[in-house]
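> pasting the sequence and the predicted model now:
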There are 2 protein chains.
Amino acid sequence: MRTRSDQLGSPRLLRVMNERLLLDHLLVRGPASRADLAKITGLSKPTVSAALAGMEDSGLVHLAGEVLGRPGPVTSLYDVTAGAAHIGAVDIGRDWIRVAVADLRGRFVGRKDGRNAAKNSEDLVSRVRELAQAAAGQAGLPWTSVITAVVGSPGVYDKDADRMIFAPNLPGWEGSGLGDRLRTALGVDVTIENDINLAALGEHAYGAGHGIANFALVSIGTGVGMGIVVNGELYVGARGAAGEVSFLPAPEPVPADDDTLRHGLTESLAAAPGVVRAARAAGLHLDTAKEVFTAAAEGDPAALEVVHAEGRRIGGLIVAVASVLDPELVVLTGGVGHNLALLGDAITSRFAELGPLRPRVVASTLGDSGVLLGAVARALSQAWDHIFDLRQSGVQPRQSGVQYGMSR
Amino acid sequence: MRTRSDQLGSPRLLRVMNERLLLDHLLVRGPASRADLAKITGLSKPTVSAALAGMEDSGLVHLAGEVLGRPGPVTSLYDVTAGAAHIGAVDIGRDWIRVAVADLRGRFVGRKDGRNAAKNSEDLVSRVRELAQAAAGQAGLPWTSVITAVVGSPGVYDKDADRMIFAPNLPGWEGSGLGDRLRTALGVDVTIENDINLAALGEHAYGAGHGIANFALVSIGTGVGMGIVVNGELYVGARGAAGEVSFLPAPEPVPADDDTLRHGLTESLAAAPGVVRAARAAGLHLDTAKEVFTAAAEGDPAALEVVHAEGRRIGGLIVAVASVLDPELVVLTGGVGHNLALLGDAITSRFAELGPLRPRVVASTLGDSGVLLGAVARALSQAWDHIFDLRQSGVQPRQSGVQYGMSR
DNA sequence: ATTAGTTCGTCAGGAGAGCGAACTAATGTC
DNA sequence: GACATTAGTTCGCTCTCCTGACGAACTAAT
């Protein structure tokens, strides 16, 4: 909460806090009059007026309408100027790269997806730049008008060494200087975060975890991962590796492949390749986890058996997580995880065996866009901090080198 | 951060924030002059003077000395008046009840331990009251001068239902109305918290976890439990059951006793009874875990083998925890856990097999007093919030019904 | 058409808080 | 004894907020 501004406890801090309070209400509840805001926030009417005037000067809010037909003067409604600044969101996946530009309300104003065929990190970075500029173009903006960008990627980003670790699926991605290269290519402030962590944040801001302060998102697809939201904020642990449940010791014997040591333990059982392996062992001639689930949905007994066993594994994983975190809710996602309808019974049957810790489990509501939406949520909170930091230190928007208002 | 006072962003908030800032520095760095404080905090000299004057009026700080022998006027040193208020800390264990009264700096000014021979919760509550009054008496205070008390107990406290759950070791403890009864018996604000959670908090405030924002304390003794500190604060999960790792699915087959279902899974293997069972199975005629560790320390090969296996189980547990939380540090405690010297090699050998997540592991430095010290830390932070809430709402200490200053 | 009532927003006055700069006073140093 | 150094205060100014009064505008009822 404490900003790193020069002035710690000066009167301007009050103004900034109150401005932020008003803005929060406008963001959540939509346009409102000064009188409404005074009632809602508990601030006095003059204070509300002054704060709104200040924000109007810097282009953060604007007159958004009037209400007639009531006793008294015409009521002016203020609203957030969503287009006063824009942020970038990037989702780098194994097969796809997705880039979006969003306004201050978090709505996409431009979006561009592209295949990821990069052979090394240079290719990948320049591909991201292309897509970023295309996405900005869709919104009729130059990419340079983006204040800050958040990039989601598999793996754990080591800030000190400026490199990615645990990201074997992206060629060349584990080299150093990654953040620098992205920053240079995109020309803006860039934050790198694990993709599944961002998906959890997205689910918190816009999806199944909305309004829930403590929950975990468990993703089961090509790999196994988890993102954790604690007290409404992303929890990443001491080195950013929180939620790397692929390394959770598995509760059943692991087939002794070479795989198991490199890819951890739970992962090799519960992730998609484990499902395929189990299906083969059951005599099914199927190549992907998706096919297994389709077969199960059609009633194939062997596939149902495989899915049931998978559900029990997931149930065990969730209980393990719940015994540590006691989340209010667990959101399931990923190529395997999103089949909650087929897995649900097996998961709850496993819960029953493992004691009283039974968090509510629901499927993700955001699907493919979860990571991107999480990146938006994260970038927005950074953008607000940035904007209000400038306001607190008294920088006038017109004179400032950093542009965050529209040019009128 | 946001207090629930009437006045949200009034100028008084600034004063309270700055007073708190000054007080924090005095608590951490000891007595200081106004000029020192101005330099350290970045506040102006007049502001520091005014804030100190205000706090001196309400008895929170006082002149604590002078510095001569330097150019300029005699320097007055201010310090926190530790005795301006007192808090209570209670540790209810299966065998012992410990009660302490501490001053605002967290130092015990009175302490009384007593055996827990209570047959039901009424007995227990009145025993706590006896000990509380005795502890206050030691400090020459009436127990009523205690502002707030924090009670640590095994189990999970369900605030809504006002009852304890998962506390099979304390007879009658799971009945409802527990908080009410404690509040009535002690006559103060009472907070109930799981004992191991408090031990984690104690370790954070005064022990091995000092200054570490993200860590977990794992206790292995009669049972298995964990307390989690996230961002410097206790994390208890959605229903207060975070860290109930006794329900973590065990990675090895569990002997099929009736026990196992009732006491969870990891617990029945890793806790003290599991060690004794393993020792018996190895042909050792020993009755307690302590005897097993003593035998191992003397070089008994069978006991060493049992201890090694136990260390590997603990290592697995820690990796499971680390794969979810990625803590910077894991503190081990409890009758079994504190034998880190004997267990360490086995733990690290297990780490090596289970992947790259290897948190630093250290033994608790607080021992038996950990829970009590955690209760002190928790009660102190509540006391400060309480004191400054009053100050912000403008209550004058002398007129106030709530006394938090000494009566002069 | 007039009047009463309601509501939005501003104005004016007062108080609390913070800061910088000048100032006082005490002490050491040359 | 002159000068530098330092702690703390006083003063003037700015910023912020709040309360209460007020003006303006619009509806609804007579």
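That came in fine, so what should we check first? As the structure is a prediction and not an experimental result, all values here were calculated from the model.

> strands along chain A, start to end?
According to DSSP state E, chain A carries its strands in the segments A:61-67, A:75-80, A:86-92, A:96-103, A:108-115, A:146-153, A:156-158, A:163-165, A:189-194, A:215-220, A:224-230, A:233-235, A:329-333, A:360-363.

> domain map for chain A?
Listed by automatic domain parsing, the domain ranges of chain A are A:11-80, A:86-200+A:369-389, A:208-365.

> take these and lay them out in a markdown table including mean neighbour count.
For the C-beta atoms, the positions are set from N, CA and C on the backbone; glycine is no exception. Shown next, in a markdown table, are the domains of chain A (neighbours: other CB atoms under 10 Å in any protein chain shown):
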| stretch | mean neighbour count |
| --- | --- |
| domain A:11-80 | 16 |
| domain A:86-200+A:369-389 | 20 |
| domain A:208-365 | 21 |
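
> with mean pLDDT and distance to DNA strand D added, can I get the strands of chain A in CSV?
Below are these laid out as CSV (pLDDT from 0 to 100; distance: least, CB to the nearest atom of the strand, whole Å):
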stretch, mean pLDDT, distance to DNA strand D
strand A:61-67, 92, 9
strand A:75-80, 95, 9
strand A:86-92, 97, 26
strand A:96-103, 96, 26
strand A:108-115, 95, 32
strand A:146-153, 96, 23
strand A:156-158, 91, 38
strand A:163-165, 88, 43
strand A:189-194, 96, 26
strand A:215-220, 95, 34
strand A:224-230, 95, 31
strand A:233-235, 96, 26
strand A:329-333, 95, 36
strand A:360-363, 94, 40
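
> and the ones you listed as JSON lines, adding distance to DNA strand C?
Listed next are these as JSON lines, based on distance: least, CB to the nearest atom of the strand, whole Å:
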{"stretch": "strand A:61-67", "distance to DNA strand C": "8"}
{"stretch": "strand A:75-80", "distance to DNA strand C": "4"}
{"stretch": "strand A:86-92", "distance to DNA strand C": "28"}
{"stretch": "strand A:96-103", "distance to DNA strand C": "24"}
{"stretch": "strand A:108-115", "distance to DNA strand C": "29"}
{"stretch": "strand A:146-153", "distance to DNA strand C": "29"}
{"stretch": "strand A:156-158", "distance to DNA strand C": "37"}
{"stretch": "strand A:163-165", "distance to DNA strand C": "41"}
{"stretch": "strand A:189-194", "distance to DNA strand C": "29"}
{"stretch": "strand A:215-220", "distance to DNA strand C": "38"}
{"stretch": "strand A:224-230", "distance to DNA strand C": "32"}
{"stretch": "strand A:233-235", "distance to DNA strand C": "28"}
{"stretch": "strand A:329-333", "distance to DNA strand C": "38"}
{"stretch": "strand A:360-363", "distance to DNA strand C": "40"}
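
> turn the ones you listed into CSV, including distance to chain B.
Converted to CSV, these look like this (distance: least, CB to the nearest CB, whole Å):
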stretch, distance to chain B
strand A:61-67, 18
strand A:75-80, 18
strand A:86-92, 22
strand A:96-103, 27
strand A:108-115, 31
strand A:146-153, 18
strand A:156-158, 9
strand A:163-165, 8
strand A:189-194, 11
strand A:215-220, 8
strand A:224-230, 6
strand A:233-235, 6
strand A:329-333, 8
strand A:360-363, 10
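
> in TSV: the ones you listed, plus distance to residue B:145.
Below are those laid out as TSV (distance: least, CB to CB, whole Å):
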stretch	distance to residue B:145
strand A:61-67	51
strand A:75-80	51
strand A:86-92	54
strand A:96-103	56
strand A:108-115	60
strand A:146-153	52
strand A:156-158	51
strand A:163-165	54
strand A:189-194	50
strand A:215-220	42
strand A:224-230	36
strand A:233-235	38
strand A:329-333	43
strand A:360-363	45
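
> tell me which of those strands sits nearest to residue B:371.
strand A:224-230 (23.4 Å; CB to CB).

> and the closest one, how far out from the chain middle?
11 Å (CA atoms, centre = their mean, to the nearest Å).

> I appreciate the help and will end here.
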